[in-house]
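Chemist: Okay, sequence plus prediction incoming.
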Amino acid sequence: MGQHYQPPGWLTTKVFNRVVAALTRLGVSVYGSRVLEVKGRKSGQWRRTPVNLLRYEGAEYLVAPRGHTQWVKNLRASGQGRLRIGSRAQPFTAVELADDEKPPVLRAYLQKWKLEVGALFGGAGPDAPDHELRRIAPDHPIFRVTAS
(Lines give C-alpha, C1' and ligand atoms only; values in the text may rest on other atoms or scores of the structure.)
Protein backbone atom coordinates (compact mmCIF):
# COMPACT_ATOMS: atom_id res chain seq x y z
CA MET A 1 0.00 0.00 0.00
CA GLY A 2 1.35 3.45 -0.92
CA GLN A 3 1.94 6.28 1.45
CA HIS A 4 -1.00 8.54 2.22
CA TYR A 5 -1.10 11.80 0.27
CA GLN A 6 -3.99 14.18 -0.36
CA PRO A 7 -3.12 16.58 -3.18
CA PRO A 8 -4.34 20.15 -2.78
CA GLY A 9 -7.14 21.43 -4.97
CA TRP A 10 -6.97 24.31 -7.39
CA LEU A 11 -8.19 26.91 -4.87
CA THR A 12 -5.56 25.88 -2.32
CA THR A 13 -2.71 25.78 -4.85
CA LYS A 14 -3.56 28.82 -6.93
CA VAL A 15 -5.06 31.12 -4.31
CA PHE A 16 -4.76 30.22 -0.64
CA ASN A 17 -1.14 28.97 -0.56
CA ARG A 18 0.02 31.86 -2.74
CA VAL A 19 -1.68 34.49 -0.57
CA VAL A 20 -0.37 32.99 2.69
CA ALA A 21 3.15 32.58 1.24
CA ALA A 22 3.16 36.16 -0.07
CA LEU A 23 2.02 37.61 3.26
CA THR A 24 4.53 35.47 5.15
CA ARG A 25 7.34 36.61 2.82
CA LEU A 26 6.28 40.18 3.63
CA GLY A 27 6.67 39.43 7.34
CA VAL A 28 2.99 38.88 8.17
CA SER A 29 2.46 35.53 9.88
CA VAL A 30 -1.03 34.23 9.19
CA TYR A 31 -1.86 32.39 12.42
CA GLY A 32 1.60 30.81 12.74
CA SER A 33 2.44 30.56 9.05
CA ARG A 34 6.00 30.28 7.83
CA VAL A 35 7.57 29.56 4.48
CA LEU A 36 9.44 26.28 4.77
CA GLU A 37 12.63 26.12 2.71
CA VAL A 38 14.22 22.73 2.25
CA LYS A 39 16.62 21.45 -0.41
CA GLY A 40 15.19 19.03 -2.95
CA ARG A 41 16.47 15.52 -2.38
CA LYS A 42 17.15 15.01 -6.09
CA SER A 43 17.78 18.50 -7.47
CA GLY A 44 19.56 20.10 -4.52
CA GLN A 45 17.53 23.25 -5.28
CA TRP A 46 15.76 25.09 -2.47
CA ARG A 47 12.03 24.33 -2.44
CA ARG A 48 9.52 26.55 -0.67
CA THR A 49 6.07 25.87 0.70
CA PRO A 50 3.83 27.59 3.26
CA VAL A 51 3.42 25.64 6.50
CA ASN A 52 1.88 26.12 9.93
CA LEU A 53 4.46 26.07 12.70
CA LEU A 54 2.99 24.57 15.87
CA ARG A 55 4.37 25.57 19.24
CA TYR A 56 3.43 22.92 21.78
CA GLU A 57 4.79 22.30 25.27
CA GLY A 58 7.98 24.28 24.70
CA ALA A 59 8.85 22.72 21.34
CA GLU A 60 8.09 23.53 17.70
CA TYR A 61 6.62 21.10 15.19
CA LEU A 62 5.85 20.83 11.50
CA VAL A 63 2.81 18.65 10.84
CA ALA A 64 2.00 17.40 7.34
CA PRO A 65 -1.81 17.54 7.10
CA ARG A 66 -1.75 16.28 3.50
CA GLY A 67 0.47 13.30 4.33
CA HIS A 68 3.69 12.24 2.69
CA THR A 69 4.24 15.34 0.55
CA GLN A 70 7.35 16.36 -1.37
CA TRP A 71 8.41 18.69 1.45
CA VAL A 72 8.16 15.75 3.87
CA LYS A 73 10.31 13.55 1.64
CA ASN A 74 12.85 16.35 1.17
CA LEU A 75 13.01 17.07 4.90
CA ARG A 76 13.48 13.39 5.68
CA ALA A 77 16.39 13.29 3.24
CA SER A 78 18.13 16.43 4.48
CA GLY A 79 17.14 16.62 8.15
CA GLN A 80 17.36 20.39 8.00
CA GLY A 81 15.90 23.48 6.44
CA ARG A 82 14.90 27.07 7.08
CA LEU A 83 11.68 28.65 8.30
CA ARG A 84 11.15 32.08 6.82
CA ILE A 85 8.98 34.97 7.88
CA GLY A 86 9.70 38.21 6.10
CA SER A 87 13.42 38.64 5.55
CA ARG A 88 14.28 36.46 8.57
CA ALA A 89 15.21 32.87 7.83
CA GLN A 90 15.75 30.60 10.83
CA PRO A 91 17.84 27.50 10.07
CA PHE A 92 16.68 24.37 11.86
CA THR A 93 17.31 20.67 12.23
CA ALA A 94 14.39 18.25 12.20
CA VAL A 95 13.67 14.94 13.86
CA GLU A 96 10.65 12.92 12.73
CA LEU A 97 8.37 11.66 15.48
CA ALA A 98 7.45 8.01 15.80
CA ASP A 99 3.74 7.26 15.37
CA ASP A 100 3.21 6.56 19.08
CA GLU A 101 4.54 10.06 19.92
CA LYS A 102 2.11 11.85 17.59
CA PRO A 103 -1.34 11.85 19.30
CA PRO A 104 -0.82 14.84 21.63
CA VAL A 105 0.83 16.87 18.85
CA LEU A 106 -1.95 15.98 16.40
CA ARG A 107 -4.54 17.01 18.99
CA ALA A 108 -2.82 20.38 19.54
CA TYR A 109 -2.52 20.92 15.78
CA LEU A 110 -6.19 20.15 15.22
CA GLN A 111 -7.20 22.43 18.11
CA LYS A 112 -5.46 25.31 16.38
CA TRP A 113 -6.10 24.62 12.68
CA LYS A 114 -9.16 22.33 12.48
CA LEU A 115 -11.14 24.86 10.42
CA GLU A 116 -8.31 25.08 7.88
CA VAL A 117 -7.25 21.45 7.59
CA GLY A 118 -9.61 19.32 9.67
CA ALA A 119 -11.07 17.52 6.64
CA LEU A 120 -7.63 16.07 5.88
CA PHE A 121 -7.47 14.02 9.11
CA GLY A 122 -9.83 11.14 8.34
CA GLY A 123 -12.66 12.39 10.52
CA ALA A 124 -10.49 12.78 13.62
CA GLY A 125 -10.73 16.08 15.44
CA PRO A 126 -9.17 17.69 18.50
CA ASP A 127 -11.58 15.82 20.79
CA ALA A 128 -10.91 12.40 19.26
CA PRO A 129 -9.79 9.65 21.62
CA ASP A 130 -6.13 8.67 21.53
CA HIS A 131 -6.84 5.44 19.62
CA GLU A 132 -8.35 7.50 16.75
CA LEU A 133 -5.31 9.79 16.65
CA ARG A 134 -3.05 6.73 16.67
CA ARG A 135 -5.06 5.34 13.75
CA ILE A 136 -4.34 8.40 11.59
CA ALA A 137 -0.78 8.98 12.88
CA PRO A 138 0.98 7.02 10.08
CA ASP A 139 -0.73 9.26 7.50
CA HIS A 140 0.60 12.52 8.96
CA PRO A 141 4.37 12.91 9.36
CA ILE A 142 5.43 15.25 12.17
CA PHE A 143 8.86 16.78 12.69
CA ARG A 144 10.20 18.42 15.86
CA VAL A 145 12.25 21.37 14.68
CA THR A 146 15.11 22.89 16.63
CA ALA A 147 16.86 26.13 15.72
CA SER A 148 20.42 25.52 14.58
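Modeler: Thanks, I have it. Residues are numbered from 1 along each chain as shown.

Chemist: can you give me the helices in this structure?
Modeler: 10-11, 17-25, 70-78, 103-117, 130-136 (DSSP state H).

Chemist: Now do the shortest one, average pLDDT.
Modeler: Looking back up the chat, that one is helix 10-11. Mean pLDDT, helix 10-11: 68.

Chemist: quick one on the thing from earlier: now the helices of the chain in TSV, please, with extra columns for distance to residue 57 and mean neighbour count.
Modeler: Heads up, the C-betas are built off the backbone N, CA and C, glycines and all. Conversion of the helices of the chain to TSV gives the following (distance: least, Cβ to Cβ, whole Å; neighbours: other Cβ atoms under 10 Å):
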stretch	distance to residue 57	mean neighbour count
helix 10-11	33	8
helix 17-25	24	16
helix 70-78	21	18
helix 103-117	8	18
helix 130-136	16	16
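
Chemist: Once you drop chain neighbours, what's closest to residue 60?
Modeler: residue 145 (5.0 Å; Cβ to Cβ, 6 or more residues apart in numbering).

Chemist: quick one: average pLDDT of stretch 81-89?
Modeler: 94.

Chemist: buried stuff in it?
Modeler: The neighbour-count check on stretch 81-89 (16 or more other Cβ atoms under 10 Å) flags 81-85 as buried.

Chemist: thought residue 99 was touching residue 138?
Modeler: Yes: here residue 99 reaches residue 138: they are 5.5 Å apart, a contact under Cβ atoms under 8 Å.

Chemist: out of the two, which sits in the busier spot?
Modeler: residue 99 (16 against 13; other Cβ atoms under 10 Å).

Chemist: ok, that one - contacts?
Modeler: Shown in contact with residue 99 (Cβ atoms under 8 Å, 6 or more residues apart in numbering): 134, 137-138.

Chemist: Also residue 33?
Modeler: If you count contacts by Cβ under 8 Å, 6+ apart, residue 33 has them with 20, 23-24, 50-53, 85.

Chemist: one more time with 7 Å, if that's ok
Modeler: 20, 24, 50, 52 (Cβ atoms under 7 Å, 6 or more residues apart in numbering).

Chemist: Farthest pair within those?
Modeler: 24 and 52 (10.5 Å; Cβ to Cβ).

Chemist: List the residue ranges of this structure that fall below the pLDDT cut-off.
Modeler: 1-2, 8, 10-12, 15, 17, 28, 30 (pLDDT under 70).
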